[in-house]
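[1] the following comprises the amino acid sequence and a computationally predicted model.
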Protein chains: 2
Amino acid sequence: MLSKKTQYAFQALMYLAEKDNDEPVLIAEIAKKKKIPLKFLENILLELKNANILESKKGKGGGYFFAKNPKDVPLATVMRLLDGPISLLPCVSLYFYERCKNCDEKGCGLHMVMSQVRDANLKILEKKTIADLAKG
Amino acid sequence: MLSKKTQYAFQALMYLAEKDNDEPVLIAEIAKKKKIPLKFLENILLELKNANILESKKGKGGGYFFAKNPKDVPLATVMRLLDGPISLLPCVSLYFYERCKNCDEKGCGLHMVMSQVRDANLKILEKKTIADLAKG
DNA sequence: CATATTGCGTTTTCTTGGATAGCATTTTTT
DNA sequence: AAAAAATGCTATCCAAGAAAACGCAATATG
């Protein structure tokens, strides 16, 4: 399961993407509309900003907006950023790989199946973007 | 990521499945060979027993062995038993469904994508069984 | 300067994963 | 019947992580 953090992130990103204009949106507005704890959302948006997915502006008329086109933000990127590995096992992870203590990873049945699972997931999650979520 | 519990379970089940004979295997033996904390493994095997996947025998010559053919135990079953939902969101889970607060689940882009992911996962995890892990 | 807004370190709370301890129960053997 | 060999089961603990809240600093606008 995705963590609340990532779930909230998707909600917030969807909300931003659905706005036609590119004007800054208040954290408070997103929090209210999407029922996300304000302070928690603050942290999340900040992480998204530090990852160059969002941008922000302070002071009056400030808020958050996309740093890049939503169609250039794959779901996998958001998930890795906030939740870490997408794979089910460390030994099949592409971005968070860790060697397996028991199996030699070659001829290990579990390793093979989990690689399949990973590929099936990535095929979808790398291709689908925030833009795909919005155009409902 | 799978929890340690489920990872250990797969290791243990693979070990049992790789034994040709159907003689009981000591918890201690599995723990040693697979480097799993003994007491922790005890709990795991017990859960697998209560789910009718394994069977046990006490006393001398006792131990654990399969209650059914390993080829009749899909990976998904083990995962749901020990880790809960396979889906990434509660609102797309088949066995642990919870309604979504925000979206109406119909015309929700996120819901659609996550359903796809779930299906892709289940297609593999429901079909592959413990037997597939063993024949390495 | 006053006001609006994000930035950010800190802390708190809560949950869960992971692991340990100890005794109870069942079965086999002698 | 007693001893030995296993699992059964419950309770508990610890650490880490997730989720959330607090307070003030920094920055931008007018």
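    All right, it came through fine.
[2] from now on I want contacts and neighbour counts done on CA atoms only, so please keep to that.
    Noted.
[3] strands along chain A, start to end?
    Secondary structure of chain A (DSSP state E): strands at A:54-57, A:63-66.
[4] which stretch among those strands is buried most, on average?
    Each of those was assessed for mean neighbour count using mean count of other CA atoms under 10 Å in any protein chain shown. The highest is strand A:63-66, with a mean of 20.
[5] what are the contacting residues of that one?
    A:16-17, A:22-27, A:45, A:53-57 (CA atoms under 8 Å, 6 or more residues apart in numbering or on different chains).
[6] do that again at 6 Å, thanks
    Contact with strand A:63-66 is made by A:24-26, A:54-57, as judged by CA atoms under 6 Å, 6 or more residues apart in numbering or on different chains.
[7] do it and DNA strand C meet?
    Yes. Applying CA under 7 Å from any atom of the strand, one finds strand A:63-66 touching DNA strand C at A:63-64.
[8] and the residue nearest in space to the middle of chain A, how close does it get to DNA strand C?
    The geometric centre of chain A, computed from its C-alpha atoms, lies nearest to A:Val78 (CA atoms, centre = their mean), at 1.7 Å. Relative to DNA strand C, A:Val78 is positioned 17 Å away (CA to the nearest atom of the strand, to the nearest Å).
[9] which non-adjacent residue is nearest that residue?
    A:Thr6 (7.4 Å; CA to CA, 6 or more residues apart in numbering or on different chains).
[10] what does A:Val117 give?
    Counting by CA to CA, 6+ apart, the residue nearest A:Val117 is B:Asn121, at 6.1 Å.
[11] just give me the neighbour total for the one you found.
    Summarising burial for B:Asn121: neighbours were counted as other CA atoms under 10 Å in any protein chain shown, giving 21.
[12] with A:Glu98 instead?
    Residues lying near A:Glu98 (other CA under 10 Å) number 12.
[13] where exactly do the helices run in chain A?
    Secondary structure of chain A by DSSP state H: the helices cover A:4-18, A:27-34, A:38-50, A:75-83, A:109-125, A:130-134.
[14] gap between the first one and the chain center?
    The reference is to helix A:4-18. On the basis of CA atoms, centre = their mean, to the nearest Å, helix A:4-18 is displaced by 8 Å from the centre of the chain it belongs to.
[15] what of the longest one?
    Computed by CA atoms, centre = their mean, the separation of helix A:109-125 from the middle of its chain amounts to 19 Å.
[16] what angle separates it from helix B:109-125?
    Interaxial angle of helix A:109-125 relative to helix B:109-125 (axes from the mean of the first three to the mean of the last three CA atoms, to 10 degrees): 160 degrees.
[17] now helix A:109-125: mean pLDDT?
    Throughout helix A:109-125, pLDDT has a mean value of 97.
[18] quick revisit: using a markdown table, lay out the contacts of strand A:63-66 together with distance to DNA strand C and pLDDT.
    Supplementary listing: the contacts of strand A:63-66 in a markdown table, determined by distance: CA to the nearest atom of the strand, whole Å; pLDDT from 0 to 100:
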| residue | distance to DNA strand C | pLDDT |
| --- | --- | --- |
| A:Pro24 | 7 | 96 |
| A:Val25 | 6 | 97 |
| A:Leu26 | 3 | 97 |
| A:Leu54 | 9 | 97 |
| A:Glu55 | 7 | 97 |
| A:Ser56 | 5 | 97 |
| A:Lys57 | 5 | 96 |
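[19] list just the nearest of those residues to A:Leu82.
    Checking the contacts of strand A:63-66 against A:Leu82 with CA to CA, the nearest one is A:Leu54 at 14.0 Å.
[20] that closest one contacts A:Ala67, doesn't it?
    Yes. The pair formed by A:Leu54 and A:Ala67 meets the contact definition of CA atoms under 6 Å, at 4.5 Å.
[21] please identify the most buried of the helices of chain A.
    In terms of average neighbour count - mean count of other CA under 10 Å - the standout among the helices of chain A is helix A:130-134, at a mean of 22.
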